[in-house]
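1. A structural model of the following input is requested.
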Amino acid sequence: MKIDPCPCVISLKDGSVYTLFEFRHFLELVEDCMGYDAAKWLETHVKQVERAADYTDRKVNSDLIAYESDLDSNRRAFQDIQTEAAAIMEVLQGNRVNRQKIAHSVKEIGKIISNQI
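-> Below is the predicted model:
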């Protein structure tokens, strides 16, 4: 079992006190006090919860990786757009306006945006 809390002291109704270092110690205590079936029932349900938690953890991590990948892709796209905008500004600041260069940069920006959508 993955559940191993810090040492935990438990006192029972009869006044006895137990220190639990691992989850299996709690299972042993349940078995001693309530029987084998109760301990097995608890162990089975805890394992189900652990599997569900593992699945959730994997899902969260894969979603996080996908999100980070999207952010990186968007960052690169904005950098590419920034480069094209700088090229347009350079053309506009020159003595002669070259419409073909501007049109090319605008098309490139359109491609970059289309790839991101």
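2. going forward, measure contacts and count neighbours with C-alpha atoms only.
-> Fine.
3. From residue 71, how far out is the residue minimising distance to the centre of the chain?
-> Nearest residue to the geometric centre of the chain (Cα atoms, centre = their mean): residue 61, 2.9 Å. Separation of residue 61 from residue 71 (Cα to Cα, to the nearest Å) stands at 15 Å.
4. so how far is residue 67 from the residue nearest to the centre of the chain?
-> When residue 61 is compared with residue 67 (using Cα to Cα), they lie 10 Å apart.
5. Could you do residue 45 as well?
-> 33 Å.
6. quick one: residue 74 from residue 66, how far?
-> Taking Cα to Cα, one finds residue 74 at 12 Å from residue 66.
7. More neighbours: which of the two?
-> residue 74 (17 against 12; other Cα atoms under 10 Å).
8. Contact partners for that one?
-> By Cα atoms under 8 Å, 6 or more residues apart in numbering, the contact list for residue 74 reads residue 116.
9. Point me to the helix or strand that includes it.
-> Following DSSP states H and E, the helix or strand that holds residue 74 is helix 36-93.
10. Quick check: what element follows that helix along the chain?
-> That would be, after helix 36-93 and using DSSP H and E, helix 99-116.
11. That next one to helix 36-93, inter-axis angle?
-> 170 degrees (axes from the mean of the first three to the mean of the last three Cα atoms, to 10 degrees).
12. Who are the packing partners of helix 99-116?
-> Under the contact criterion of 3 or more Cα pairs under 8 Å, 6 or more residues apart in numbering; DSSP states H and E, helix 99-116 touches helix 36-93.
13. So for the helix it packs on, mean pLDDT?
-> The pLDDT scores in helix 36-93 average 92.
14. for stretch 104-115, same thing?
-> Mean predicted confidence for stretch 104-115 is 92.
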